[in-house]
Structures are given as C-alpha cells and as structure tokens.
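Student: What follows is a predicted protein model with its sequence.
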2 protein chains.
Amino acid sequence: MFVLSSPSGAGKTTLSRLLLRADAKVELSVSVTTRPQRRGEVDGRDYHFIDRGRFAAMVKKGELLEWAEVFGHRYGTPRRPVTKALQAGCDVLFDIDWQGTQQLREKARDDLVSVFILPPTAQELERRLNRRAQDTKAVIASRMAKAAGEMSHWPEYDYVVVNRDKAEAFAEVRAILAAERLKRDRQIGLSAFVRRLQAKL
Amino acid sequence: MFVLSSPSGAGKTTLSRLLLRADAKVELSVSVTTRPQRRGEVDGRDYHFIDRGRFAAMVKKGELLEWAEVFGHRYGTPRRPVTKALQAGCDVLFDIDWQGTQQLREKARDDLVSVFILPPTAQELERRLNRRAQDTKAVIASRMAKAAGEMSHWPEYDYVVVNRDKAEAFAEVRAILAAERLKRDRQIGLSAFVRRLQAKL
C-alpha cells in the first residue's frame, strides 16, 4: 500500500497519474466522494461521485477502509478493490490526505509506505492553485489557508519529496517504490531461491 | 553508512565502483587487509595492503570499526576516514562481507543501510569466478564452496538485489540509496523549510 499525500496543489495527483501510466504493477485506489465533480474529472477514474446518503450507507456497512470530511465534503476508500488488487500481487496507490493516511496506517501496519509531497515555495503553491481554473477564488483562498495546516503533517510520513521539478519528483517517487520492493521482507520466494542456488554449489 | 555485501563473484565490487563513479556524495571506505595484492589491484584504492603486525597494532589501538578473518586473511575498516566523511555530509560505502556487516550494524544502529547482492544462478557465479584469471583453481574451488555458506546471511540485510544484469542491478542499488536519502528522518533542515513555507501562506 503506497500513499502519496500533499497539501492541495503540491502535485500528488499529477505524480500519481504519471506513476500509474509508467508502472503496470500499480493500481490506483479510486476514492468515493460527496463533493461535486470538477471540470475535466471523470467519474470512476478520478473519484466515484456519490451522494451523502450512499456515502453514509457505505460507512454503515463497513465498506470503507477509511473516510474523512475535508472542506465540508466526505472522502473515503472502498475496501473491496484494495483487497482484490493486493491479493493479485499488485501495489495499490492511494492519493489521499493526512486524515485518510492516519486511518489507513492503523489498518495496514507494516505494509504501508507513505510519501509526503511538499511544494518548493509558497509562491509556487499559489501559482499552481490559480492554474486550476475550475476552482473559485473563495475555494483557492480557503485552500491556501488550509495548506499551512496540512503541511504540519509531514513528520507522520516515511518519506518526504519536495516537488521542485515534476520529472525530478517523479523519479524520486519511483525510486522509493523500487527500493521498497527490494526490501528483504517484501521479496516473496527469496528463501526458496537461495536454497535452490545453494543446492547447486 | 551504505553496505554492499555478496558471496565472492556476485558483483558487489563492480557495483561499488559504478556507484562511486556516478555519485559524488558517496565515499568508499577502503579496507585494510593482510591478503596479498592481486593483479590489477591498486594499493589505497582497492585495499590498504598491510602485514599482520601492522593489522594487530590497529586492532589494539581501536583504529578499526570492524574486522574479520576470511580464507585465512584479515580484513578491517579503518575508523577515521569513515567518521571524517560522515561529518562532511557524505554517505560512506562499505564493500564488506557479512561478518564485517554484523559488527558494523552493532555500532551504527539506525544509520546503516545494508544491501545483499545475489548471483542469478550457480552457473553464472562459477563463470564469474573463473573469469577472474588472477585466482588459482584451488582458490576458486574454495570460494565456490564458501559461497553457499555466505548466501545464508541474506536475511540479515535490509535489501536484496539479484544481479541478473549489471545495469539493472546498478539501477536498483541507486534507487535504494536515493530512497534512503528521501526518508523523513534523514532530511536535515526539513523542519525549518516547512516553517518558512507556512509563514508565507
């Protein structure tokens, strides 16, 4: 379970998409949300857009691995697709905030790797939020104000990437994933592999 | 402190040299040894070649971080160059065996990252040992016999890389180093960086 989090506008969604395109062993966990669909967003790819009634029903039936309320809207992670992808030997990518990560961490224990993306400067963060034409001025102002608070959660993450340059930050995220896959505990079958080698020496 | 270990012939020395050439922030810890210099080896680059008397004196004065006897020869890590490089903000690379790693691990605690390199097959290991023309048949046979034993130490390492292809294995070693540098705890100054960002939002 591979988590990318960041304050709004620091680039986690762009980096997530690049990773999904580049790595066939990575599956995205698509969140459910009650917030309105933005221009350019695709239902089922970016989010599953559902109403508050449906969301409440999912919570009640235990169908969400984690959920949280942010800016007055609810966001949650459906449990079933995650379990299925992990059982198929895939890594599951989560593009979620610090609240979701805290809940996920309690459930996943050792098998969660978390990366926090930071913007290089305050000006750059503002520039990126303004570029998202679909947000209203009020929403942007509110996101800027919240970003400072969101940033204080970096010490809860395993890795921190400062997103100065998209290509560089992407290479760093891929290096983290590659290294985590090379961890001794994660290499299933290594014990048998070494026994076969030893038998032939 | 970044350790590369492997059974003889699995490629740790080749990978170490590639890493030193590619990454200016990595300094090699050059071991001292009492074994005879091989053809092509440079004193002070591959090892510091010293006699048993000088070795014993270094042990006695506590000048070695770790030392061990392998195939009847002694190998050790001089303490001073390691301390100096770490203080200068470099990463120190150790091309040492499992005995050296065990001792180093006790001393370094959290700040040691260890990688075990495995050969892809027994045949490939034999081929690589034969290619080293400077070793006698007897030495090769003895190394093959020992390799099986050395291999059982893979579970003591943080990461395992199977050296199927030199370029691929090298990319994996670099990814491990890159990821370890991105670990939250290792990024000095991140706390101040985030405070400066927050102050401007």
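Tutor: Sure, I can see it.

Student: who's in contact with residue A:193?
Tutor: Neighbouring residues of residue A:193 by Cβ atoms under 8 Å, 6 or more residues apart in numbering or on different chains: B:118, B:162. From N, CA and C alone the C-beta is placed, and that goes for glycine too.

Student: residue closest to the middle of chain A?
Tutor: residue A:95 (2.3 Å; Cα atoms, centre = their mean).

Student: Okay, and the beta partners of that residue?
Tutor: Beta bridges link residue A:95 to residue A:4 when assigned by DSSP bridges.

Student: Touching, it and residue A:16? I think so.
Tutor: Yes. Counting by Cβ atoms under 8 Å, residue A:95 touches residue A:16, with 4.4 Å between them.

Student: Identify the contacts common to these two.
Tutor: Jointly contacting residue A:95 and residue A:16 under the rule Cβ under 8 Å, 6+ apart are A:4, A:28.

Student: all helices in chain A, in order from the N-terminus.
Tutor: Taking DSSP state H, the helices of chain A run over residues A:12-22, A:52-60, A:79-87, A:98-108, A:122-131, A:137-151, A:166-181, A:190-199.

Student: mind listing what's buried in the third one?
Tutor: The neighbour-count criterion (16 or more other Cβ atoms under 10 Å in any protein chain shown) identifies A:79, A:82, A:85 as the buried residues of helix A:79-87.

Student: how big is the angle separating that helix from helix A:52-60?
Tutor: Going by axes from the mean of the first three to the mean of the last three Cα atoms, to 10 degrees, helix A:79-87 is angled at 50 degrees with respect to helix A:52-60.

Student: by contact count, what packs against helix A:79-87?
Tutor: strand A:64-70, strand A:91-95 (3 or more Cβ pairs under 8 Å, 6 or more residues apart in numbering or on different chains; DSSP states H and E).

Student: tell me the contacts of the residue nearest to the centre of chain A?
Tutor: Contacts of residue A:95 (Cβ under 8 Å, 6+ apart): A:4, A:12-13, A:16, A:28-29, A:31.

Student: Please repeat the previous calculation with a cut-off of 7 Å.
Tutor: With contacts taken as Cβ atoms under 7 Å, 6 or more residues apart in numbering or on different chains, residue A:95 has the following neighbours: A:4, A:12-13, A:16.

Student: and if you look at residue A:90?
Tutor: So residue A:90 contacts A:25-27 (Cβ under 7 Å, 6+ apart).

Student: Please apply the same query to residue A:58.
Tutor: Taking Cβ under 7 Å, 6+ apart, we find residue A:58 in contact with A:32, A:64, A:76.

Student: if we go to 6 Å?
Tutor: Contact analysis of residue A:58 by Cβ atoms under 6 Å, 6 or more residues apart in numbering or on different chains lists residue A:64.

Student: Can you give me the distance of it to residue B:15?
Tutor: Distance, residue A:58 to residue B:15, using Cβ to Cβ, to the nearest Å: 49 Å.

Student: Residue A:120 too?
Tutor: Distance of residue A:120 to residue B:15, computed by Cβ to Cβ: 33 Å.

Student: Within range of chain B, give me the residues from chain A.
Tutor: A:122, A:144, A:147-148, A:151, A:154, A:157, A:159-160, A:172, A:175-176, A:178-179, A:182-184, A:187, A:190, A:194, A:197-198, A:200-201 (Cβ under 6 Å from any Cβ of the partner chain).

Student: tell me the contacts of residue A:91?
Tutor: Counted by Cβ under 6 Å, 6+ apart, residue A:91 has contacts A:2, A:25-26.

Student: Which one of these is nearest to chain B?
Tutor: Each of the contacts of residue A:91 was scored against chain B by Cβ to the nearest Cβ, and residue A:2 proved nearest at 12.1 Å.
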